[in-house]
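Asks: I need the structure of the sequence given here:
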Amino acid sequence: NLIAECESDENELKDYQKKMVLILARCFPVRKFGLEVKLGDSPVVSEFLKVNCTLTHLHLDSNLDEGGLATIKFVLQSDHKLVYLSLTVHIHDEFSFLMDPDAHPLCDIHKMRLPKVEALAEFLQGNRALTHLNISWVGIPYPCTLVLARAFQFNRTLTHLCLDSTLIDSAGAEVLAEALRSNCSLTHLSLPRNSVADRGAVAFAKVLLLDCGLLYLDLSDNCISDGGVTALAQALEQGPGLPSNATLTYLDLSQLWWNVTGWRLQDGGMIGESGASALARALRTNCSLTYLDLGDHAIGDSGAAAISNALKSNRNLTHLYLTNNKIGDCGVEALAKSLKSERTFAQVNPLQQSSIDDSGVEELQFAFFTALHGTCSTRVTRLDLNFNNITCSGTIALAEALLSNFTLKRLNLRSNEIACSGAEALAKALQSNKTLTHLYLKFNEIRDSGATEFAEALNKNYTLTYLDLSSNPIGELGTQNLARVDQSTCTLKYNEIK
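Replies: Presented below is the predicted three-dimensional model:
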């Protein structure tokens with residue numbers, strides 16, 4: 001601020017000011033730097049970034065102006081060792097045309113974006129240090145995507161690319177996929193909250209068949225349905241004589257509830273039974289995939305059953321997310337049976353926001369019990385069952401499983417109907433369970449008796465480090481008992497009565 005006080009009306013630094021900035025950079029070298037204003041409005045900061053040769057991480061959370069582009073160009077084309085660059089534009093600054101298309105025609109936004117993207121692409125072609133590039137909330141239409149893709153074809157250092165909420169459509173996805181054919185350095189590609197759709201997914205599937213070296217692919221919230229998923233699944237299916245991918249370990253196809261404009265997606269982009277079945281066929285033979293997210297689709301009981309059967313022969317998948325997929329009792333029972341086979345799951349989140357009732361929970365209890373007694377090698381460490389229809393009887397079944405389970409570390413039962421009897425059963429299980437570290441019971445109609453049981457259990461259990469009882473109608477008696485709990489080893493959340 002002291003240096004900036006001497007700035008001229010032209011917003012340019014004088015020589016003595018630049019010398020002061022240079023001394024400042026030498027005395028206080030910075031590796032990571034973030035800014036939320038335009039660089040053109042802060043010439044002192046811009047100069048500081050240019051002369052700070054220790055800079056490795058740069059995050060600009062504002063619109064790119066000419067000053068910002070000049071600074072990025074200098075940093076990327078000099079001897080700086082910048083390895084991480086993140087460019088974020090606020091939605092209210094650049095996406096107002098979505099709310100009022102007449103006032104801000106999309107073509108005008110594209111015209112404004114193209115020169116900046118062309119400049120960034122030029123900087124990338126000559127850079128030999130940057131490994132991570134993150135561009136978020138910036139409209140990148142097809143011409144801009146084409147320019148970036150050409151730059152990626154010749155860049156051999158970039159390993160992580162994230163284009164989040166950039167309005168990339170199917171044509172743009174095809175251009176990026178084509179660029180991957182000649183780029184062997186990119187291992188992580190994230191395109192969340194775009195409009196890749198089935199056509200774009202098919203393009204990426206064709207590239208995966210070439211074993212391009214891609215390890216991580218995030219296509220979440222891209223309106224991909226059964227057609228696109230089937231193409232991706234076929235690329236992952238391995239076997240004698242089958243062209244397939246043997247490198248991809250992470251695949252996110254979840255469909256978020258809200259798109260870039262803030263409106264919930266109602267139609268299209270839903271994976272159903274056929275898409276789940278195609279993925280199940282791939283999982284039977286695939287030996288590389290460890291993470292699969294199909295959250296917020298509609299695979300139903302049949303899709304869950306197909307995936308469950310595939311898990312019996314799959315030895316690599318460690319993270320499976322089937323959040324909010326209209327899975328009922330039949331699907332849960334099938335998943336429970338897969339847990340009883342010889343598996344090495346590290347984390348499972350198959351049931352979040354699904355229609356699970358008590359019989360499904362009892363199946364899971366049996367899976368835990370058989371895992372303990374050596375009939376399977378299941379090692380579930382996290383189980384999320386929030387936003388379901390689990391009542392006290394289902395919770396009692398889970399509590400009984402905790403008595404004999406030595407692998408589960410996190411249990412999430414938020415927003416169910418476990419009530420006091422279910423809470424009491426869980427609390428009693430905690431008195432002997434020495435594995436569970438996190439228990440989430442928010443919004444579960446737990447009252448004084450349940451809270452009192454937990455207070456007593458925590459005086460005997462020193463393994464649990466986090467217990468969430470907030471948003472439950474716990475009265476004065478239960479609150480008083482919880483207040484006596486020693487929270488030096490366990491973080492306890494509940495609503496205090498004022």
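Asks: keeping just the C-alphas, turn stretch 425-433 into PDB.
Replies: The C-alpha coordinates for stretch 425-433 follow below in PDB (Å, rounded to 0.1, in the frame of the first residue of the first chain):
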ATOM      1  CA  ALA A 425     -29.100 -49.200  20.600                       C
ATOM      2  CA  LEU A 426     -26.300 -47.300  18.800                       C
ATOM      3  CA  ALA A 427     -25.200 -45.800  22.100                       C
ATOM      4  CA  LYS A 428     -25.000 -49.200  23.800                       C
ATOM      5  CA  ALA A 429     -23.000 -50.600  20.800                       C
ATOM      6  CA  LEU A 430     -20.500 -47.800  21.300                       C
ATOM      7  CA  GLN A 431     -19.700 -49.000  24.700                       C
ATOM      8  CA  SER A 432     -18.000 -52.100  23.300                       C
ATOM      9  CA  ASN A 433     -17.100 -50.900  19.700                       C
END
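Asks: let's test this: mean pLDDT of stretch 325-343, rounded?
Replies: Mean pLDDT, stretch 325-343: 60.
Asks: going by contacts, tell me the helices and strands next to the strand or helix carrying residue 482.
Replies: Using DSSP states H and E, residue 482 sits in helix 476-483. Applying 3 or more C-beta pairs under 8 Å, 6 or more residues apart in numbering; DSSP states H and E, one finds that helix 476-483 contacts helix 448-458. All C-beta spots, glycine's among them, are computed from the backbone N, C-alpha and C.
Asks: off-centre distance for the helix or strand just after the helix it packs on?
Replies: Per DSSP H and E, helix 448-458 leads on to strand 466-468 as the next helix or strand towards the C-terminus. On the basis of C-alpha atoms, centre = their mean, to the nearest Å, strand 466-468 sits 23 Å off its chain's mean C-alpha point.
Asks: may I see the buried residues of strand 466-468?
Replies: Residues 467-468 are the ones in strand 466-468 that count as buried (16 or more other C-beta atoms under 10 Å).
Asks: residue 136 versus residue 176, what's the distance?
Replies: In this view, residue 176 and residue 136 are 16 Å apart by C-beta to C-beta, to the nearest Å.
Asks: and the angle from the helix holding residue 482 to helix 448-458?
Replies: 10 degrees (axes from the mean of the first three to the mean of the last three C-alpha atoms, to 10 degrees).
Asks: quick check: phi and psi on the spatially closest residue to residue 169 that is not a sequence neighbour?
Replies: In space, not counting the residues next to it along the chain, residue 169 is nearest to residue 195; the distance is 4.7 Å by C-beta to C-beta, 6 or more residues apart in numbering. Residue 195 adopts backbone torsions of phi -130, psi 50, taken as degrees, to the nearest 10.
Asks: C-terminal to the helix holding residue 482, what's the next element?
Replies: Next element after helix 476-483 (DSSP H and E): strand 491-493.
Asks: what lines up beside that next one in the sheet?
Replies: strand 466-468 (parallel) (DSSP bridges).
Asks: residues in contact with the strand it pairs with?
Replies: Outside strand 466-468, the residues that touch it by C-beta atoms under 8 Å, 6 or more residues apart in numbering are 414, 437-442, 454, 458, 490-493.
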